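Asker: Build the 3D model from these lines:
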Amino acid sequence: MPQISYSGAFNAATEVVPDLYLNIQTPGQGVIMPAPFGLVGVEGVASWGPVNKTTLIGSTSQFALYGNPVNRSSDLVTAATIVAQAQQAAGLGANMLFNRVTDGTDTAASGSVGSTPASTETATIGGTLTIGDTLHVTLTSTGITGSPVTATYTTKANDTPATMAAGLAAAINANTNLQASSVSATSSGAVVNTVYPSAITITFAENVTGTATETITLAAGSATTIIGLDITSMYTGSLGNGETLTIAAGSNSTTAVPTWRATVQMPGFPSEIFDNLGAGLTGKALWQAIASAINNGTSPLRGPSKLAVASAGGSTATPTATTVTLSGGTDGAGNVTSADFIGTDTAPRTGIYAFRSSGCTDMFIADFDDITQETDLIAFGQSEGIYVHSNGAPGETPTAAQTNKQTQGSFGNSAAWLKRYLGDWVYWNDNYNGVQRLIGPATFGVALISTLQPQQNSLNKGTTGVVATQRSRSGIPYGEDELAVLTSSGIDVICNPIPAGSQFGMRIGVNASANAAIQGDEWPRLTGFLARSLSGPGALGTLIGLEITDTYYTDATALLDAFFEPMTTAEGGNAQMIQAFQVSFPSQGNQSQTAKGIVICQVLVQFLGIARIFLVNMQTGATVVIPANGNVGSAAAALAAA
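Answerer: Residues are numbered from 1 along each chain as shown. Down below sits the predicted model:
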């Protein structure tokens with residue numbers, strides 16, 4: 001009977017019984033899969049959402065995480081809306097990575113419930129430190145279990161008034177009787193602030209035992225409150241100011257065993273309900289249970305809140321049915337600088353560097369027009385294989401753009417990773433805010449390019465959403481001399497008309513490099529696509545760690561051939577992506593390298609050319625002679641004859 005091993009364990013040298021042995025073996029190499037393409041990185045300011053942390057956005061409904069379009073410069077949701085309009089017009093879904101940037105002044109909206117009136121007492125530490133002295137604060141009240149309660153701190157070497165104050169505050173907070181009575185303390189410098197419910201009366205006394213060179217000076221503080229529950233919006237931003245927390249009786253609450261329900265609501269998001277909380281609990285323990293439910297969830301189906309975080313205070317108040325609206329949230333969008341947008345390339349990365357290893361193929365900073373940052377944009381784009389898009393300032397002319405680009409020196413081969421747009425800004429109808437706005441042209445350029453395959457060029461492709469440009473409003477179209485300046489300078493422009501006709505679209509289709517061999521949009525985009533594919537999961541990385549045998553070379557060659565060959569033809573509904581390719585991976589003559597573990601494969605990939613100039617040589621007139629073998633008659637007749 002045939003013997004089958006599904007793990008490939010049979011070895012002919014060790015088998016002695018005559019029979020059929022069948023080894024099932026996995027393929028000798030991986031499979032190079034086409035890398036995901038068309039993911040657009042969008043950076044800007046927003047009204048909510050994480051800061052300096054990229055978030056994958058797969059549908060326009062997810063825009064709610066960052067708020068609504070706001071009529072301001074560099075607004076992230078505005079830019080993303082424009083990109084989404086182009087993607088939807090092309091029959092595609094939203095495919096973006098968002099990164100929100102702030103100026104550092106952003107705050108999260110917050111509110112509180114269950115607060116009770118409280119009083120404060122301050123204790124100021126002074127005098128000269130004597131190691132081993134004991135500082136006492138005695139709290140006496142019929143409202144405190146175990147009254148009088150004494151909190152103590154013993155001085156140590158290297159102590160200062162501030163460390164002594166911190167130690168005394170910690171002693172107060174560690175006392176279980178004081179905790180049960182909602183008495184707590186904080187320290188600031190040499191001062192200890194003790195907070196206690198106004199419902200109880202406390203008499204403070206101070207003392208120092210030992211050589212008594214330290215002093216404690218007591219003084220009554222101001223009225224304050226003890227919080228039951230603090231609720232804070234999950235993210236900073238003004239959108240959180242519409243968020244609410246509602247406390248109500250739980251669905252199975254009874255007089256004997258009351259329970260509570262906490263509901264977190266925010267416009268644009270589903271309500272979050274945490275029901276039947278705190279059965280049998282009162283006071284501080286109940287507030288802790290509600291906070292825990294919001295922060296950690298109550299079951300696998302009712303997980304943590306995605307809208308808010310909560311913290312319990314020391315209040316012993318019983319909850320009452322109430323709703324609190326959060327307030328105080330700010331966007332931190334008013335003073336964002338170029339340094340904020342560019343960010344830092346050290347962990348935790350900020351700005352554009354948050355897009356490292358993100359997989360996005362194109363990225364831009366909304367309305368960013370600081371041309372002095374072009375070298376940073378180019379360096380980042382080249383390091384990640386990302387096509388970075390950037391604008392000139394509003395009203396920039398072709399000659400000024402040429403001068404600006406020469407000043408920055410962004411012409412080399414590495415500049416191919418930057419697409420520089422003339423500062424001829426675009427008018428767009430913001431239907432959400434009911435206004436017409438001026439938007440950086442890079443937004444519309446990225447929107448168009450995100451709908452194209454990597455081998456395609458934006459030249460002569462129509463853009464969506466463009467009402468007008470600054471130049472078109474002037475009524476003066478671009479002359480051939482101006483377009484020649486832009487072309488030679490590696491600067492693109494959105495204008496009307498384009499060769500395809502009277503419509504707004506991309507006029508030149510170039511990147512910022514001066515090298516004509518790599519100056520088209522297709523070079524950085526297709527090159528990045530190929531690099532991500534070859535280095536992707538299950539691709540060439542599967543060949544590392546294997547023995548360098550003759551089979552190794554054939555397997556690697558087959559792996560590359562299988563990836564590139566389908567790209568040379570238009571089959572199965574797929575477009576042709578490259579003209580030709582060649583894989584050269586000789587197994588002979590490399591012993592000096594293979595002995596060191598080095599193998600070198602040469603891959604040549606010939607891209608498809610892009611039709612940039614269509615020249616028709618046409619003779620007209622009655623004396624024109626048609627060759628005997630030429631087409632005679634109308635074009636339709638000639639085609640029919642063919």
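Asker: any idea how far Val336 is from Leu229?
Answerer: The gap separating Val336 from Leu229 is 33 Å, by C-beta to C-beta, to the nearest Å. In short, each C-beta sits where N, CA and C put it, glycine included.
Asker: neighbour-wise, which of those two wins?
Answerer: Neighbours were counted for Val336 and for Leu229 using other C-beta atoms under 10 Å; Leu229 has more, 25 against 19.
Asker: Based on its surroundings, how many neighbours for Tyr153?
Answerer: The local packing of Tyr153 (other C-beta under 10 Å) involves 24 other residues.
Asker: Over to Gly334?
Answerer: Gly334: 12 neighbours (other C-beta under 10 Å).
Asker: you'd agree Thr322 is up against Thr244?
Answerer: No. In this structure, Thr322 is not within contact of Thr244 by C-beta atoms under 8 Å, at 10.3 Å.
Asker: ok, the two, which is more surrounded?
Answerer: Ranked by neighbour count (other C-beta under 10 Å), Thr322 and Thr244 place Thr244 first, with 18 against 11.
Asker: and that one, what is it in contact with?
Answerer: Neighbour list for Thr244: Thr263, Val264, Gln265, Met266, Thr323, Val324, Thr325, Leu326 [criterion: C-beta atoms under 8 Å, 6 or more residues apart in numbering].
Asker: beta partners of the residue lying closest to Pro441 once chain neighbours are set aside?
Answerer: Nearest non-adjacent residue to Pro441, counting by C-beta to C-beta, 6 or more residues apart in numbering: Tyr421, 4.4 Å away. Tyr421 forms beta bridges with Asn391, Asp492, as assigned by DSSP bridges.
Asker: Tell me, how many residues neighbour Tyr421?
Answerer: Per other C-beta under 10 Å, the neighbour tally for Tyr421 reads 28.
Asker: likewise Gln382?
Answerer: Other residues close to Gln382 by other C-beta under 10 Å number 18.
Asker: isn't there a helix covering it?
Answerer: Yes. Under DSSP: H, G, I helix; E, B strand; the rest coil, Gln382 sits within a helix.
Asker: coming back round to it: go ahead and confirm the residue nearest to Pro441 touches Val493.
Answerer: Yes. Contact status for Tyr421 versus Val493: in contact at 6.8 Å, counting by C-beta under 8 Å.
Asker: And the buried ones among the contacts of Thr244, selectable in PyMOL?
Answerer: Applying 16 or more other C-beta atoms under 10 Å to the contacts of Thr244, the buried members can be selected in PyMOL as follows:
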select buried, resi 264+265+266+324+326
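Asker: quick check, nearest of the contacts of Thr244 to Gly280?
Answerer: Thr263 (21.5 Å; C-beta to C-beta).
Asker: what secondary structure does that closest one sit in?
Answerer: When classified by three-state DSSP, Thr263 comes out as strand.
Asker: ok, it to Ser311 distance?
Answerer: For Thr263, the distance to Ser311 (C-beta to C-beta) stands at 18 Å.
Asker: ok, now Leu139?
Answerer: Counting by C-beta to C-beta, the gap from Leu139 to Ser311 is 25 Å.
Asker: Between those two, point out the one with more neighbours.
Answerer: For the pair Leu139 and Ser311, the greater number of neighbours falls to Leu139 (25 against 15), based on other C-beta under 10 Å.
Asker: Can you check my assumption that that one lies in a strand?
Answerer: Yes. Checked against three-state DSSP, Leu139 lies within a strand.
Asker: Pretty sure it sits against Ser184.
Answerer: No. Counting by C-beta under 8 Å, Leu139 does not reach Ser184; the two are 11.8 Å apart.
Asker: follow-up on the earlier one: spell out which residues are contacts of both of Tyr421 and Val493.
Answerer: Counting by C-beta under 8 Å, 6+ apart, the shared contacts of Tyr421 and Val493 are Pro441.
Asker: which residues pair with the closest residue to Phe341 other than its chain neighbours across the strands?
Answerer: In this structure, Phe341 finds its nearest non-sequential neighbour in Ile365, 5.0 Å apart by C-beta to C-beta, 6+ apart. Note on Ile365: beta-bridge partners by DSSP bridges are Glu43.
Asker: Against Gly490, how distant is Ile365?
Answerer: For Ile365, the distance to Gly490 - C-beta to C-beta - is 19 Å.
Asker: quick one: the longest strand anywhere in the chain to chain centroid distance?
Answerer: Counting residues, the longest strand in the chain under DSSP state E turns out to be strand 116-127. Strand 116-127 has its C-alpha centroid displaced from the chain centroid by 45 Å (C-alpha atoms, centre = their mean, to the nearest Å).
Asker: That strand: which residues count as buried?
Answerer: Result for strand 116-127 [16+ other C-beta under 10 Å]: buried residues Thr116, Ala118, Ser119, Thr120, Glu121, Thr122, Ala123, Thr124, Ile125.
Asker: would CSV of the residues you listed with distance to Glu396 be doable?
Answerer: Shown next, in CSV, are the buried residues of strand 116-127 (distance: C-beta to C-beta, whole Å):
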residue, distance to Glu396
Thr116, 61
Ala118, 60
Ser119, 64
Thr120, 60
Glu121, 64
Thr122, 61
Ala123, 64
Thr124, 62
Ile125, 63
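Asker: Which residue in those has the weakest pLDDT?
Answerer: When those are compared on pLDDT, Thr116 comes out lowest, with 88.
Asker: contacting residues around that residue?
Answerer: By C-beta under 8 Å, 6+ apart, Thr116 lies in contact with Ser182, Pro197, Ser198, Ala199, Thr225, Ile226, Gly228, Ser315, Thr316, Ala317.
Asker: doesn't Pro117 make contact with the fifth one?
Answerer: It refers to Thr225. Yes. In this structure Thr225 lies within contact range of Pro117 using C-beta under 8 Å: 6.2 Å.
Asker: picking up where we left off before, shared neighbours of Leu139 and Ser184, anything?
Answerer: Common contacts of Leu139 and Ser184, defined by C-beta under 8 Å, 6+ apart, comprise Leu178, Thr194.
Asker: returning to what we had before: just list the residues touching the residue nearest to Pro441, thanks.
Answerer: His389, Ser390, Asn391, Gly392, Gly440, Pro441, Ala442, Gly445, Ile491, Asp492, Val493, Ile494.
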